[in-house]
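In: Quick check, what structure comes out for this input:
(2 chains)
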Amino acid sequence: MKKILEGSHAIAEAVRLVKPEVISAYPITPQTHIVERLAEMVADGDLDSEYICVESEFSALSACLGASAAGSRVYSATSSQGLLFMAEVCFNVAGMRQPVVMSIANRAVSAPLSIWNDQQDSICLRDSGWIQLYAEDVQETLDLHLIAYRVAEDHKVLLPVFVCFDGFIISHTYEPVDIPDEKDVKAYLPAYVPVNKLDADDPLSMGMYATPEYYMEFRYENDQAMTRSLDVFKQAGKEFKDLFGRDYSELIEEYRLSDAKIAIIAMGSVCGTIKDAIDVMRAQGREVGLLKIRAYRPFPAEDIKKALSGIKKIGVLEKNISLGSRMKGAVGLEIKDALDDSSVSVLSYVAGLGGRDIRIEDVIKMTDAIEAGNGDCFFGLREELI
Amino acid sequence: MALRIGCASAPGKARENKTGSWRVFRPVFDHDKCTSCGMCQLVCPEGCVLTDNDEFNPDYDFCKGCGLCAEECPADAITMETEEK
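Out: The predicted structure follows:
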């Protein structure tokens, strides 16, 4: 059924469809509308979930971890400082291999205080063992939540997932969305079957103490599961397409890339702006294309290498900054590693931090810089302030 | 101990996890000097001094090599030696 919905409310609809037994979250801008709507659904009897109110994000994810360990499907959502407050628990959730799914309304990290969008918060937790998916629009955000549960709960994976989407740009924007039918979702996403489960009759501890003789093997297992999730996601995306018609069978998406001489790479909502900018540039005869990355972890390096083959000039638009890195952005490094080809120019452009707008003309200017070979820099700085 | 996903385990598994591997120094007991006073057993923070017919011996499976027993032994019957692994 098609509806005009605010991004946050579309996410709440996705959560209603996957029916988590337990929800625990702490409100933070710009995530608040999601959990407000879920609390309403629970209070109104539209969603049969235990909604655990907590006093902090640390407690929210801890409650989710416990509920997941007890065999429940769980859900949480957060942003920015809230996610960083959860950081310790994030590593625990992944290490205990609990398939928690959490929405991340991407927001800049203070100081200075900012409630506006960039992707620094989730990028910071790169090595926590969570799968990280990035959505471009409201529909994709809704859909990725359903796929996230399928991938997370698959016994070949058993890893938690961040479903990331740009704060305000997605969370507070109204768009037409197709809400999948409850029956179809039930067929797509069967009940969660835990491998390990807390049970008073058959007691168990999780995340036990591992001496130097054991610890490394557990991190190895986490990494293996992450690698396996590449194929599990593709299969889940393909089945999603068969049932609902929208194609998520790849962890990347190409836009006018096959005959391009210049490639722009990005994650999240800015891909929409880049597509418009590419249409403008194509009309002027410039051979530019977009490679959108849907998963930062696991990083689809092989697919990216294939999609970019033959392209010599590449620019990565980054809504994060790895302070002190020569290249500046965290995604550019991965692209360089995926290509492993010094004849290709891969440049990073840090843009849109703290909610600064990225417009079509900015993308065109960035394309000029990619073509000229100038990059690995902040893009769109207000020089008069420095 | 075979790995179980998420480092999960049933109760009692800590006994199989021989934490004595941390040790840098090992206490060596000289039974000729030992007067069986039991001080080593009293001060051991890990409960790693075992008794068998008044003979005191360290439990190397769990002893961390802190050296308290050697420090406190009134008969100087315990020496700390570098662990050879």
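
In: What's the mean pLDDT across stretch A:166-177?
Out: Mean pLDDT, stretch A:166-177: 98.

In: Pull out the CA atoms of that stretch and give them to me as CSV.
Out: Coordinates of the C-alpha atoms in stretch A:166-177 are reproduced here as CSV (Å, rounded to 0.1, in the frame of the first residue of the first chain):
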residue,chain,number,x,y,z
ASP,A,166,20.8,10.7,6.9
GLY,A,167,19.3,12.6,9.9
PHE,A,168,16.6,15.1,8.9
ILE,A,169,17.2,14.6,5.1
ILE,A,170,15.6,11.1,5.4
SER,A,171,14.2,11.0,8.9
HIS,A,172,12.1,14.2,8.6
THR,A,173,11.2,14.2,4.9
TYR,A,174,7.8,13.1,3.6
GLU,A,175,8.0,10.8,0.6
PRO,A,176,5.6,8.4,-1.1
VAL,A,177,6.5,4.9,0.2
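
In: Can you name the residue of chain B nearest to chain A?
Out: Residue nearest to chain A within chain B (CB to the nearest CB): B:Gly6, separated by 3.8 Å. (Each C-beta comes from the backbone N, C-alpha and C, glycine too.)

In: Look up how far A:Phe218 lies from that residue.
Out: According to CB to CB, to the nearest Å, B:Gly6 stands 8 Å off from A:Phe218.

In: list residues touching both of those two?
Out: Listed as contacting both B:Gly6 and A:Phe218 by CB atoms under 8 Å, 6 or more residues apart in numbering or on different chains are A:Gly95.

In: Just want the most central residue of the chain.
Out: Reading this off chain A. Centroid-nearest residue in chain A: A:Leu133, 2.7 Å away (criterion: CA atoms, centre = their mean).

In: I was thinking of chain B, sorry if that wasn't clear
Out: B:Cys63 (2.9 Å).

In: just checking, that one touches B:Pro45?
Out: No: shown here, B:Cys63 and B:Pro45 do not form a contact pair, counting by CB atoms under 8 Å, at 10.3 Å.

In: ok, back up a step: B:Gly6 and A:Phe218 - which one has more neighbours?
Out: Neighbours were counted for B:Gly6 and for A:Phe218 using other CB atoms under 10 Å in any protein chain shown; B:Gly6 has more, 24 against 20.

In: Next one, pLDDT for the nearest residue to that one once chain neighbours are set aside please.
Out: Nearest in space to B:Gly6, with sequence neighbours left out and distances taken as CB to CB, 6 or more residues apart in numbering or on different chains, is A:Arg97 at 3.8 Å. In the prediction, the pLDDT value recorded for A:Arg97 is 98.

In: For burial, what's the neighbour tally of A:Arg97?
Out: What A:Arg97 shows, counting by other CB under 10 Å, is a neighbour count of 28.

In: and it, what is it in contact with?
Out: A:Leu158, A:Leu159, A:Val195, A:Asn196, A:Asn222, A:Ala225, B:Ile5, B:Gly6.

In: Isn't A:Cys271 up against A:Lys292?
Out: Yes: with contacts counted by CB under 8 Å, A:Cys271 reaches A:Lys292, the gap being 4.4 Å.

In: Specify the beta-bridge partners of the residue nearest to the centre of chain A.
Out: A:Val163, A:Ala295 (DSSP bridges).

In: and it, how far is that from A:Pro30?
Out: For A:Leu133 relative to A:Pro30 (CB to CB), the value is 18 Å.

In: just to revisit the earlier point, so what pLDDT did the residue of chain B closest to chain A get?
Out: Looking at B:Gly6, its pLDDT is 90.

In: Surely it is in a helix?
Out: Yes: B:Gly6 forms part of a helix when assessed by DSSP: H, G, I helix; E, B strand; the rest coil.

In: so who does it touch?
Out: Applying CB under 8 Å, 6+ apart, the residues contacting B:Gly6 are A:Gly95, A:Met96, A:Arg97, A:Gln98, A:Leu158, A:Val195, A:Asn196, A:Met206, A:Gly207.

In: still on that earlier bit, using the three-state scheme, assign the residue nearest to B:Gly6.
Out: coil.

In: Can you mark which positions in stretch A:282-293 are buried?
Out: Of all the residues in stretch A:282-293, those buried under the rule 16 or more other CB atoms under 10 Å in any protein chain shown are A:Arg286, A:Val288, A:Gly289, A:Leu290, A:Leu291, A:Lys292, A:Ile293.

In: shared neighbours of A:Cys271 and A:Lys292, anything?
Out: A:Glu136, A:Glu253, A:Tyr255.

In: when you check chain B, which of these turn up near it?
Out: Applying CB under 8 Å from any CB of the partner chain, the subset of the shared contacts of A:Cys271 and A:Lys292 adjacent to chain B is empty.

In: any idea which element the spatially closest residue to A:Tyr51 that is not a sequence neighbour lies in?
Out: Spatial nearest neighbour of A:Tyr51, excluding adjacent residues (CB to CB, 6+ apart): A:Val42 at 4.5 Å. Element membership of A:Val42 [criterion: DSSP states H and E] is helix A:32-43.

In: after that helix comes which helix or strand?
Out: The next secondary structure element downstream of helix A:32-43 (using DSSP H and E) turns out to be strand A:50-52.

In: check contacts around residue 77.
Out: You didn't say which chain, so I picked chain A. Taking CB under 8 Å, 6+ apart, one finds A:Ile11, A:Ala25, A:Gln31, A:Ile34, A:Val35, A:Met102, A:Ser103, A:Ile104, A:Ala105 in contact with A:Ala77.

In: um, chain B though
Out: So B:Ala77 contacts B:Phe29, B:Asp30, B:His31, B:Asp32, B:Lys33, B:Cys34, B:Thr35 (CB under 8 Å, 6+ apart).
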